[in-house]
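1. Sharing a model that was predicted from the sequence below.
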Amino acid sequence: MSATEIGADETPAVALTPLTPRARLKAILGGSAGNLVEWYDWYVYSTFSIYFASTLFPKGSQTAQFLQAAGVFALGFLARPLGAWIMGIYADRAGRRAALTLAVGTMCFGSLIIALIPSYAQIGVAAPIVLLLARILQGLSVGGEYGASATYMSEMAGRKRRGFWSSFQYVTLIMGQLVAAVVLVILQQVLTPEQLHDWGWRIPFAIGAVLAVIVFWIRRGLEESASFTAAREEKGRGDTLLLFTKFPRETVMIFLLTAGGSLGFYAYTTYMLKYLVNTAGFSKETAGAINLATLVAFAAIQPLVGALSDKGGRKAMLAGAFGIGALIAYPVFSIVGGTTSAVVAALVIFVPLLAQSGYTAISGLVKAELYAAHVRALGVALPYALANALFGGTAEYVALWFKNAGMESGFFIYIAGMMGLSLIVALMMRDTRKHSLIRED
């Protein structure tokens, strides 16, 4: 019998002492703090690439340099499946806390390398090579972070409000990008454009390295989840083959849901910053302010959408996100690309982000609810990371390729098509709110 055919009502929940509200809040906040720093470090690259592209890559047109920076961004994603596999196994065998601590320590090292890397003028082709190696290291880290944090926060959230509490995983994921955007806006105000291009872009990477050290010590004090504790004696903990023998349907579903979800997320957040500059013609400062405003609103609505999933179910939220997303992708980019109003651009960009929230607020939770505890972290991490690398990590590169080829609207159609595919999967799956394999609490 497939795991999705087993409902929470068909198997008794494990009888464990429930967490007090204070203990639950402490666990969620503790996990969230590290998640924020991890994703800040990851997103700083795409946020500041408009400044360091000319420093670390050979001279050429602005689009060509952006394309090279986006290529390294995409290649960094290729390390995420490996990180997801290694740390997913580690989280299922050694514990969620141990994996979370290892992930943030690795991220710290990668950020420090980027902060100190010499320019292309100083060391030539070695500059982009070192940058790529640092991004691969960060990719290993963030690949394991998503699975471990999504699993930990889903397991620590209570049954009745699991959608609400687990949504903070994406709140902090977005806040990581938001903090990166805030740092960008602040540095744009206190430094000249020349200073930002010359050396100012290194500051956010140094900040990320310091924050990661702090979070490393916070995570060492986190409480282990009851789900992991209850599954300690299970055979096959972290066994990769189980994903394809016992949970093949779930693994494929996560891959396809992530394909559309991650493509949409990176298209409307990281790539949109370049689109506002490179196509719509906004200044870098205005584009940064628009990006900041939309990210604030996007982060703020995640808990609300998560709470709605506790009432109306996860399936309806996913179907709405992908259905609306498929319909509005083309018109959204067309309107933003043709407007000269920053307010109009911000309002239009927020529309797909609002729809996207039906996926982002519950994405980690839905994946966690599909797997048994002894392979949950690996199951959440690996198919997600594979799809994210193929579709999310390449979003900027594919978009810029279409633009360079004079077929920019092809990217809008690509987004709509992938959203449509994810919609079909969402309609075929059962509601994990009613059929969850998270037994505890």
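-> Cool, the structure landed. None of the values given here were measured: they were computed from a predicted structure. Residues are numbered from 1 along each chain as shown.
2. Which pLDDT does the model give residue 203?
-> We have a pLDDT of 94 for residue 203.
3. I meant to write residue 84 there.
-> 89.
4. Could you give the number of residues near it?
-> Residues within reach of residue 84, counting by other CB atoms under 10 Å, total 31. (Each C-beta comes from the backbone N, C-alpha and C, glycine too.)
5. Quick check, it in contact with residue 389.
-> No: counting by CB atoms under 8 Å, residue 84 sits too far from residue 389 to count as a contact (9.3 Å).
6. Does the spatially most central residue of the chain lie in a helix or a strand, and which?
-> Most central in the chain under CA atoms, centre = their mean is residue 173, positioned 6.0 Å from the mean C-alpha point. Assessed by DSSP states H and E, residue 173 sits inside helix 168-190.
7. Return the mean pLDDT over that helix, rounded to an integer.
-> For helix 168-190, the per-residue pLDDT averages 86.
8. could I get that helix in PDB with only the CA atoms?
-> What follows is helix 168-190, C-alpha atoms only, in PDB (Å, rounded to 0.1, in the frame of the first residue of the first chain):
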ATOM      1  CA  PHE A 168       7.600  30.000   9.400                       C
ATOM      2  CA  GLN A 169      10.100  27.900   7.500                       C
ATOM      3  CA  TYR A 170       9.200  29.800   4.400                       C
ATOM      4  CA  VAL A 171       8.800  33.100   6.300                       C
ATOM      5  CA  THR A 172      12.400  32.900   7.400                       C
ATOM      6  CA  LEU A 173      13.400  31.600   3.900                       C
ATOM      7  CA  ILE A 174      11.800  34.800   2.400                       C
ATOM      8  CA  MET A 175      13.200  36.900   5.300                       C
ATOM      9  CA  GLY A 176      16.700  35.700   4.300                       C
ATOM     10  CA  GLN A 177      16.100  37.100   0.900                       C
ATOM     11  CA  LEU A 178      14.400  40.200   2.500                       C
ATOM     12  CA  VAL A 179      17.400  40.900   4.800                       C
ATOM     13  CA  ALA A 180      19.700  40.600   1.700                       C
ATOM     14  CA  ALA A 181      17.500  43.200   0.000                       C
ATOM     15  CA  VAL A 182      17.500  45.500   3.100                       C
ATOM     16  CA  VAL A 183      21.300  45.300   3.200                       C
ATOM     17  CA  LEU A 184      21.400  46.200  -0.500                       C
ATOM     18  CA  VAL A 185      19.200  49.200   0.000                       C
ATOM     19  CA  ILE A 186      21.200  50.400   3.000                       C
ATOM     20  CA  LEU A 187      24.500  50.000   1.200                       C
ATOM     21  CA  GLN A 188      23.100  51.800  -1.800                       C
ATOM     22  CA  GLN A 189      22.300  54.800   0.500                       C
ATOM     23  CA  VAL A 190      25.700  54.900   2.300                       C
END
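9. Please compute how far it lies from its chain's middle.
-> 14 Å (CA atoms, centre = their mean, to the nearest Å).
10. going forward can the numbers begin at 678, since that is how I track them
-> Sure, I'll start counting at 678 from here, so that last one is helix 845-867.
11. which helices and strands does that helix pack with?
-> helix 698-733, helix 803-833, helix 879-896, helix 961-989, helix 1019-1037, helix 1040-1046 (3 or more CB pairs under 8 Å, 6 or more residues apart in numbering; DSSP states H and E).
12. What residues sit buried inside it?
-> 845-861, 864-865 (16 or more other CB atoms under 10 Å).
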